[in-house]
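Asker: Sharing a sequence plus its predicted fold:
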Amino acid sequence: MNLKVEQKDELTVVYLEGRFDAYSAPDVNSQMESLSEKQETPQLIVNLQDVVFVDSTALATLVQAMKRCRQKDGDLRLSDLKQPVRMIFELTRLDRAFEIHVTEEAAITAYRA
Amino acid sequence: MGQTVINLDIPASHKHLNVLGASLGALFERVDFLTDREMLTYNMELALHETCTNIVEHAYQSKEDGRIRVSITLSETDRQLVIDLYDKGISFNITEAKEPNLDEVQIRGYGLFLMRQLLDEVIYTPSKVENHWHLVKNL
């Protein structure tokens, strides 16, 4: 899977593309870990628009990354989930743990509010 | 109409599990009666993927030299999808698998939970010869 990072002022937007599963998760995990380590208060948005598949290992990876950010008084928020992906968050009730936005713009606005 | 059976024999590694989703997607693409094809394909791929992830990590302990035999049976007459998976790894005690506490954010334990949520039947039969997962989804 591809991972691209864009810094938008104080916010870091991570764009993931492809299958986010047990095969790709270790690489995503290490890249997310280094992102949150680099910043004093990591404020991340993970844009999932181009993610076609998410499994339970990917969920675990996002939960770990979100916890790392919150430990440093930051956050990891999600945006642009496809409907089947969103449903997995709802089934596991992780939609209550993460702040999920319909669009990246909405996530940016919420951070800056 | 009738019954379609697809048999696959794949390496027990995370790298090759995407083959299963491609097969299910292609199979569903030519079934006329499905109402929400995209969601169904995704959910069945996820259920099958989680089963295989369990086999890779628990039965074969991520050693990657094992095999998984997968038999997918689609009955258009009965509107039912049956998937049987066989592995020769270490047996798993399904009764000891804990359900995740959904009121707390957890890192592990969602795999089997998702399988049970997405399927109508999940039966696991451990064996010294070949462990067997039997998955059923009424379409």
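Answerer: Received, thanks.
Asker: Okay, now the unreliable bits of chain B?
Answerer: B:1 (pLDDT under 70).
Asker: List the residues that contact the residue nearest in space to the middle of chain B.
Answerer: The centroid of chain B falls nearest to residue B:48 when counting by Cα atoms, centre = their mean (2.4 Å). Applying Cβ atoms under 8 Å, 6 or more residues apart in numbering or on different chains to residue B:48 gives the contacts B:20, B:21, B:24, B:70, B:83, B:85, B:135. To be clear about C-beta, it is placed using only N, CA and C from the backbone, and glycine gets the same treatment.
Asker: ok, the fourth one - how many residues close by?
Answerer: Spelled out, it's residue B:70. 23 (other Cβ atoms under 10 Å in any protein chain shown).
Asker: ok, back up a step: what about the residue nearest to the centre of chain B, is that helix, strand or coil?
Answerer: Assigned with DSSP: H, G, I helix; E, B strand; the rest coil, residue B:48 falls in the helix class.
Asker: Distance check, it against chain A.
Answerer: For residue B:48, the distance to chain A (Cβ to the nearest Cβ, to the nearest Å) stands at 11 Å.
Asker: ditto for residue B:11
Answerer: 12 Å.
Asker: What residues does that residue make contact with?
Answerer: B:64, B:66, B:67, B:68 are the contacts of residue B:11 under Cβ under 8 Å, 6+ apart.
Asker: Surely residue B:88 touches residue B:69?
Answerer: No. Contact status for residue B:88 versus residue B:69: not in contact, 9.2 Å apart, counting by Cβ atoms under 8 Å.
Asker: Do a quick rundown of the strands in chain A.
Answerer: For chain A, applying DSSP state E gives strands covering A:2-8, A:11-20, A:43-54, A:75-79, A:100-101.
Asker: could you dump those to a markdown table with mean neighbour count, distance to residue A:62 and mean pLDDT?
Answerer: A markdown table is the format used below for the strands of chain A (neighbours: other Cβ atoms under 10 Å in any protein chain shown; distance: least, Cβ to Cβ, whole Å; pLDDT from 0 to 100):
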| stretch | mean neighbour count | distance to residue A:62 | mean pLDDT |
| --- | --- | --- | --- |
| strand A:2-8 | 12 | 13 | 96 |
| strand A:11-20 | 19 | 9 | 97 |
| strand A:43-54 | 21 | 7 | 97 |
| strand A:75-79 | 22 | 7 | 98 |
| strand A:100-101 | 20 | 11 | 98 |
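Asker: Redo these as CSV? Include distance to chain B.
Answerer: Shown next, in CSV, are these (distance: least, Cβ to the nearest Cβ, whole Å):
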stretch, distance to chain B
strand A:2-8, 15
strand A:11-20, 6
strand A:43-54, 7
strand A:75-79, 12
strand A:100-101, 14
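Asker: circling back: which one of the contacts of residue B:11 has the most neighbours?
Answerer: residue B:68 (25 neighbours).
Asker: and the gap between that residue and residue A:75?
Answerer: Distance from residue B:68 to residue A:75, counting by Cβ to Cβ, to the nearest Å: 39 Å.
Asker: nearest to residue B:114, of the strands of chain A?
Answerer: strand A:43-54 (10.6 Å; Cβ to Cβ).
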